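Enquirer: Sequence below, structure please.
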Amino acid sequence: MRRCGERLRGQRSIRAMSNARWGCDDINEGTMHNGFGDARVNGLDQFMQTDAETEACIASLEQAQRDCLALKRSREGEPLHANEAAAAPPGVPLATSFERLHNFTLRDAKAGAAPELKLYDAMASPDRQLVKAGYFVAEGSLIIQQILQLGTSYQIASLLGTETQLQTLVPNLVEADAAYSKAARTSGGGGAGSGDGTGGAGSPPVAPPPPCVVFAGSRADVSKATGFKHSALSVLAIVRRPTAVHRPLAEWLPTLQAVPGTAVPAVLVLDGVIKPENVGALFRTALAFGACGVLLSPGCADPFYRKSIRSSMGAVFKLPFVHARQWPRELDELRTHGYRLLALHLKGSVAHDVAVPIGTASGSSRGNVDGSAGGSGHAAGIAPFAIMVGAEYEGVSDDAAQRAHARVRIPMSDAMAGSLDSLNVNVAAAIVLERVFAANRQAHTALEDRKSAGDAAKELTG
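Expert: Numbers count the residues shown, from 1 in each chain. Below is the predicted model:
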């Protein structure tokens with residue numbers, strides 16, 4: 001476990017170590033709940049910073065950004081050389097590439113041991129402290145590349161990695177730098193943005209943040225700063241958390257649009273899913289099968305917890321989501337907005353292939369589990385779906401299940417009877433979401449066929 005040899009220095013017994021509170025992902029210790037409140041991700045008490053100490057590190061980072069902003073403004077008259085940076089051959093020093101960037105400033109990861117580097121260490125500065133300050137940590141080059149591609153929707157305050165790893169990010173940094181500069185010209189300023197991203201693709205752009213402070217060092221420098229042995233995940237970013245993920249459901253639902261190739265929106269609802277890896281995997285599955293948003297009940301693990309982000313492979317940045325603040329009243333709102341709410345349940349009375357039929361005529365009464373045709377008058381003949389999955393052990397709660405149009409089960413073989421009576425929550429969600437996706441695409445095809453037929457009829461009668 002992280003630096004246990006270095007930190008414990010052989011002075012503590014194995015027994016003492018077993019009683020330590022590590023920054024883990026166990027359901028009893030490491031869960032980040034909802035991105036607000038007192039999330040429990042702790043390092044060893046003897047080595048963990050106080051909230052005040054972490055706040056001082058954050059203040060140091062934000063001051064470094066302001067210093068970089070002042071330098072940037074002094075260079076505002078200089079031309080951008082994005083094409084030169086993008087075309088720079090591999091042999092060009094990293095510092096040379098950064099000289100061409102206006103919104104990313106290079107620093108030495110070991111020079112002076114900058115206090116803001118402590119923010120990368122979940123043992124010294126637990127994620128719960130970053131939550132309170134409005135930040136999260138993202139790990140891995142693939143994840144960070146996706147954040148950079150989102151432009152100003154997510155504001156990166158700091159990056160940390162080896163020179164080799166950062167070199168691979170230069171093309172992405174060049175593109176992001178151009179996007180930040182364009183946003184600055186459009187907004188008429190280069191100050192910090194509002195942080196009002198919506199937690200997904202399609203977020204309204206905000207004013208560009210102050211320049212990102214990029215720390216480059218050796219493998220040993222990165223390992224020392226993070227508390228991990230250097231690995232492929234050793235490129236990390238500290239990113240400001242969007243605030244709009246807590247807006248009311250009634251404001252959020254009208255912003256959702258059916259994904260291309262489908263007829264109506266589909267939403268995934270998580271009821272008390274507490275494992276970060278499951279939350280991340282569910283986002284990835286929802287994105288793959290055409291969901292356009294995710295609603296999280298209180299008690300769900302935080303999608304911006306570093307393990308959730310890794311499990312989602314960046315899907316948490318592309319799929320809008322909101323936290324329910326008046327649960328389970330939000331489920332009634334879904335119904336009011338015309339959503340057909342299906343709860344995956346071991347004691348479900350309707351098989352998922354019956355609840356979501358495929359291969360029937362569009363507009364058929366079989367298109368909805370309660371026998372109504374088309375929900376709230378949807379032209380597609382199919383109502384938007386909301387698929388609800390529950391906690392890993394308890395499943396969907398009774399209060400939530402009774403608000404569903406139907407409790408849906410997935411037929412399984414007799415070999416699953418007994419103790420093996422359920423599937424992993426992500427597998428179960430994938431089966432039903434794929435079914436919804438197929439029905440939704442079929443409805444879209446039917447709509448397009450009717451439109452084409454109508455256009456042809458107009459031409460004949462014209």
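
Enquirer: what's V350 sitting at in phi/psi?
Expert: phi -130, psi 130 (degrees, to the nearest 10).

Enquirer: May I have the residues that are in contact with the residue nearest to A56 when sequence neighbours are not counted?
Expert: Distance criterion Cβ to Cβ, 6 or more residues apart in numbering; nearest residue to A56, sequence neighbours excluded, is P115 at 6.8 Å. In short, each C-beta sits where N, CA and C put it, glycine included. Residues in contact with P115 (Cβ atoms under 8 Å, 6 or more residues apart in numbering) are 56-57, 60.

Enquirer: With respect to P384, which of those is nearest?
Expert: Nearest to P384 among the contacts of P115, counting by Cβ to Cβ, is C57 at 44.5 Å.

Enquirer: State the helix or strand in which the closest one lies.
Expert: Per DSSP states H and E: C57 is located in helix 51-74.

Enquirer: Pull that helix out as CSV, backbone CA atoms only.
Expert: Only the C-alpha atoms of helix 51-74 are listed here, as CSV (Å, rounded to 0.1, in the frame of the first residue of the first chain):
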residue,chain,number,x,y,z
ASP,A,51,-8.4,20.8,6.2
ALA,A,52,-6.6,24.1,6.8
GLU,A,53,-3.3,22.7,5.5
THR,A,54,-5.0,21.4,2.3
GLU,A,55,-6.8,24.8,1.9
ALA,A,56,-3.3,26.4,2.1
CYS,A,57,-2.1,24.1,-0.7
ILE,A,58,-5.1,25.0,-2.8
ALA,A,59,-4.5,28.7,-2.1
SER,A,60,-0.9,28.2,-3.3
LEU,A,61,-2.1,26.6,-6.5
GLU,A,62,-4.6,29.3,-7.2
GLN,A,63,-2.0,32.0,-6.6
ALA,A,64,0.3,30.2,-9.0
GLN,A,65,-2.4,30.4,-11.6
ARG,A,66,-2.9,34.1,-11.0
ASP,A,67,0.9,34.6,-11.4
CYS,A,68,0.7,32.8,-14.7
LEU,A,69,-2.2,34.8,-15.7
ALA,A,70,-0.2,38.0,-15.1
LEU,A,71,2.6,36.6,-17.3
LYS,A,72,0.1,35.6,-19.9
ARG,A,73,-1.4,39.1,-20.1
SER,A,74,2.1,40.5,-20.5
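
Enquirer: Please enumerate residues in contact with that helix?
Expert: Helix 51-74 is contacted by residues 49, 102-103, 105, 107, 114-116, 118-119, 125, 129-130, 132-133, 135, 157-158, 190-192, 209-213, 238 when judged by Cβ under 8 Å, 6+ apart.

Enquirer: out of those residues, which are inside helices?
Expert: 129-130, 132-133 (DSSP state H).

Enquirer: Where do the strands of the stretch 51-200 of the chain begin and end?
Expert: For the stretch 51-200 of the chain, the strands defined by DSSP state E, counting those that start in this stretch cover 104-108, 135-139, 156-162.

Enquirer: List the neighbouring strands of the second one plus their orientation.
Expert: When you say that, I think you mean strand 135-139. Counting by DSSP bridges, the strands paired with strand 135-139 are strand 236-240 (antiparallel).

Enquirer: going on from the strand it pairs with, what's the next piece of helix or strand?
Expert: As assigned by DSSP H and E, the chain's next helix or strand after strand 236-240 is helix 249-252.

Enquirer: ok, the ones in helices among the contacts of helix 51-74 vs L331, which is closest?
Expert: Looking at the ones in helices among the contacts of helix 51-74 and their distance to L331, the nearest is K132, at 29.2 Å (Cβ to Cβ).

Enquirer: okay, and for the stretch 251-400 of the chain, where does confidence drop off?
Expert: Residues of the stretch 251-400 of the chain meeting the criterion pLDDT under 70: 359-381.

Enquirer: what about the strands in it?
Expert: Under DSSP E, counting those that start in this stretch, the stretch 251-400 of the chain gives strands at 266-271, 293-296, 321-323, 340-344, 350-351, 385-390.

Enquirer: With respect to P303, which of the ones you listed lies nearest?
Expert: Of all these, the one in closest proximity to P303, counting by Cβ to Cβ, is strand 321-323 (6.2 Å).

Enquirer: Quick check: bridge partners of A406?
Expert: Under DSSP bridges, the beta-bridge partners of A406 are L342.

Enquirer: buried ones in the helix holding C57?
Expert: 54, 57-58, 60-62, 64-65, 68-69, 72 (16 or more other Cβ atoms under 10 Å).

Enquirer: Tabulate those (a markdown table), appending distance to M412 and pLDDT.
Expert: Below are the buried residues of helix 51-74 laid out as a markdown table (distance: Cβ to Cβ, whole Å; pLDDT from 0 to 100):
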| residue | distance to M412 | pLDDT |
| --- | --- | --- |
| T54 | 47 | 82 |
| C57 | 50 | 84 |
| I58 | 49 | 85 |
| S60 | 55 | 86 |
| L61 | 51 | 87 |
| E62 | 53 | 87 |
| A64 | 55 | 86 |
| Q65 | 53 | 86 |
| C68 | 57 | 79 |
| L69 | 58 | 77 |
| K72 | 59 | 64 |
